[in-house]
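A.B. asks: Compute the structure for the input listed below.
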Amino acid sequence: MSSSVQRKRVRKTPEARRAEIVETAARVALTEGLECVTLRRIADELAVRPGLISHYFPSAEDLVGEAFSVASTGELDALLPADRPHGTPTQYLARYFALSAGDAYDDISRLWINARHLSRYRPVLRDRVAEQELASDDRLEGLIREGVERGEFRTDDPRTAAIHILVVLDGLGAHANTDRSNRPEAVTRMAITTAERELGLAYGALTEVTPLVEPAGAETEAADAGEPAEAVQPGDTAEAPEPT
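C.D. replies: This is a model prediction of the structure:
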């Protein structure tokens, strides 16, 4: 006679479930476009019913806005961390430009193009785009101010310098969908040249600097710190049922 023990189904906490939905939506937005972020599509990705997604995001517009915010915040944190204990401002700025170039950065450039276009018709997304633009301005300005305080950069207006640099990066990123293989070096390094000029640096200062070396596991630890706790130990009580 055979017997089996039915495993108790453990439901995710509302916080973990919401984070899972947003993470999935952000991935779809980044790889396929914001138009593909719908309640049904995200439900299919997670193998749940659309009613579960709408429980957390009654409007698809809210989910699209959240997906963009999460994807762009992740990009900003990867390119230019808020905490920078492992190098100088010059090294972190050089790292920022190195990571902002090439095919690896094209997906996020396409996402920004996509978001700015759609924000013309979607007020929720328009507000999120404005918030993320401000966050990028603030983060780069903070790095520049730090560099000025340490005597590495020279500018009387860190905010304007940051905006000049970001405008050039945005302009170059607008061509993410076209072939750029035949561009002269003067064009490909235009953002770096702008930064060197705006910050009183010699030509080549941001390309010849000693590369930043972060301790092994630093990026993994930073990523883990932002993950929601989801583990449930034996005997824990599941939360109230969620719609499926």
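A.B. asks: list the buried ones in stretch 53-68?
C.D. replies: 53, 54, 55, 56, 57, 60, 63, 64, 65, 66, 67, 68 (16 or more other C-beta atoms under 10 Å). Glycine gets a C-beta too; all of them are placed from N, C-alpha and C.
A.B. asks: Among those residues, give me the pair with the biggest separation.
C.D. replies: Based on C-beta to C-beta, the longest span within the buried residues of stretch 53-68 runs between 55 and 68 and measures 20.9 Å.
A.B. asks: quick one: which of the buried residues of stretch 53-68 is nearest residue 170?
C.D. replies: Closest to residue 170, out of all of those and judged by C-beta to C-beta, is residue 68, at 15.6 Å.
A.B. asks: quick one: contacts of the strand or helix carrying that closest one?
C.D. replies: Following DSSP states H and E, one finds residue 68 within helix 60-79. By C-beta atoms under 8 Å, 6 or more residues apart in numbering, the residues outside helix 60-79 that reach it are 21-23, 25-30, 34, 37-39, 42, 53, 57, 96, 99-100, 108, 111-112, 115, 118, 122, 124-125, 127-129, 131-132, 135-136, 139, 222.
A.B. asks: Just the buried ones from those residues, in PyMOL syntax?
C.D. replies: Command for PyMOL, covering only those of those found buried under the criterion 16+ other C-beta under 10 Å:
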select buried, resi 21+22+23+25+26+27+28+29+30+34+37+38+39+42+53+57+96+100+108+111+112+115+118+122+124+125+128+129+132+135+136+139
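A.B. asks: Please state the mean pLDDT value computed over the helix holding residue 68.
C.D. replies: For helix 60-79, mean pLDDT rounds to 93.
A.B. asks: Show me which helix runs longest in this protein.
C.D. replies: helix 123-149 (DSSP state H).
A.B. asks: Show me what that one is packed against.
C.D. replies: If you count contacts as 3 or more C-beta pairs under 8 Å, 6 or more residues apart in numbering; DSSP states H and E, helix 123-149 packs onto helix 60-79, helix 89-99, helix 106-118, helix 158-173.
A.B. asks: again, 10 Å this time
C.D. replies: Judged by 3 or more C-beta pairs under 10 Å, 6 or more residues apart in numbering; DSSP states H and E, helix 123-149 is in contact with helix 60-79, helix 89-99, helix 106-118, helix 158-173, helix 190-198.
A.B. asks: export those helices to a markdown table and tack on distance to residue 212?
C.D. replies: As requested, the helices and strands packed on helix 123-149 are arranged in a markdown table below (distance: least, C-beta to C-beta, whole Å):
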| stretch | distance to residue 212 |
| --- | --- |
| helix 60-79 | 12 |
| helix 89-99 | 4 |
| helix 106-118 | 20 |
| helix 158-173 | 18 |
| helix 190-198 | 15 |
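A.B. asks: Looking at those, which is nearest to residue 152?
C.D. replies: Residue 152 lies closest, by C-beta to C-beta, to one member of those: helix 89-99, at 5.1 Å.
A.B. asks: Could I get the buried residue list for the closest one?
C.D. replies: Of the residues in helix 89-99, 89, 90, 91, 92, 93, 94, 95, 96, 97, 98 count as buried by neighbour count, 16+ other C-beta under 10 Å.
A.B. asks: what residues are up against the first one?
C.D. replies: When you say that, I think you mean residue 89. For residue 89, the contact set (C-beta atoms under 10 Å, 6 or more residues apart in numbering) comprises 142-153, 199.
A.B. asks: quick one on the thing from earlier: among the buried residues of stretch 53-68, find me the one that's closest to residue 164.
C.D. replies: Nearest to residue 164 among the buried residues of stretch 53-68, with distances taken as C-beta to C-beta, is residue 68, at 24.6 Å.
A.B. asks: Hmm, residue 125 and residue 119 touching each other?
C.D. replies: Yes: taking contacts as C-beta atoms under 10 Å, residue 119 lies within contact range of residue 125: 4.6 Å.
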